[in-house]
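K.L.:
Coordinates for the following, if possible.
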Amino acid sequence: MKRFRDILPAVLSVLFLMGILFVFHPCGPKEDGTWMSCHWAGVAETVCAALMTVLSLLRLALPSPKAKNVLSGLTILSAAAAAVIPGNVIHLCMMADMRCRAIMRPAVIVFSVLIILTAVWNILLSHRRGNK
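P.N.:
You can find the predicted model right below:
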């Protein structure tokens, strides 16, 4: 069970990173070759997903429960940032049926919530077992 707790955040983070790069990325360039603002939201999401991936892989490598809890806390902050970026920090396209609003934003929110829940779960189980 403990190994599953370590692996789950890494799997979710890698899936989030691969998803934002290849599956639920934002809108492409306009006909004149310029980018809409949602492109920059996608870039910011890629950075957040990469950060969460690095944090989760570090969490796998480190043996210290305290270090794992710190990394889980940083993951929570990164996932919360990822959840609020599209549409709040960086504006998305105006139309609701655009890719950034219809696909990217919901997927980002779902992955962010799942990653936050697994990180909170790891911290709570660690404290419950006395591994502060």
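K.L.:
Quick check: which element contains residue 57?
P.N.:
Counting by DSSP states H and E, the element that carries residue 57 is helix 37-61.
K.L.:
In the helix or strand that that helix is followed by, which of the residues would be classed as buried?
P.N.:
Once helix 37-61 ends, the next helix or strand along the chain (criterion: DSSP H and E) is helix 65-84. By neighbour count, and taking 16 or more other C-beta atoms under 10 Å as the criterion, the buried residues in helix 65-84 are 65, 68-72, 74-76, 78-79, 81-83. C-betas here are computed from N, CA, C, even on glycine.
K.L.:
Check those and tell me the two furthest apart.
P.N.:
Spanning the widest gap among the buried residues of helix 65-84 are 65 and 83, at 26.5 Å by C-beta to C-beta.
K.L.:
Mind giving me the packing neighbours of the helix holding residue 57?
P.N.:
Helix 37-61 is packed against helix 2-18, helix 65-84, helix 105-128, with contacts defined by 3 or more C-beta pairs under 8 Å, 6 or more residues apart in numbering; DSSP states H and E.
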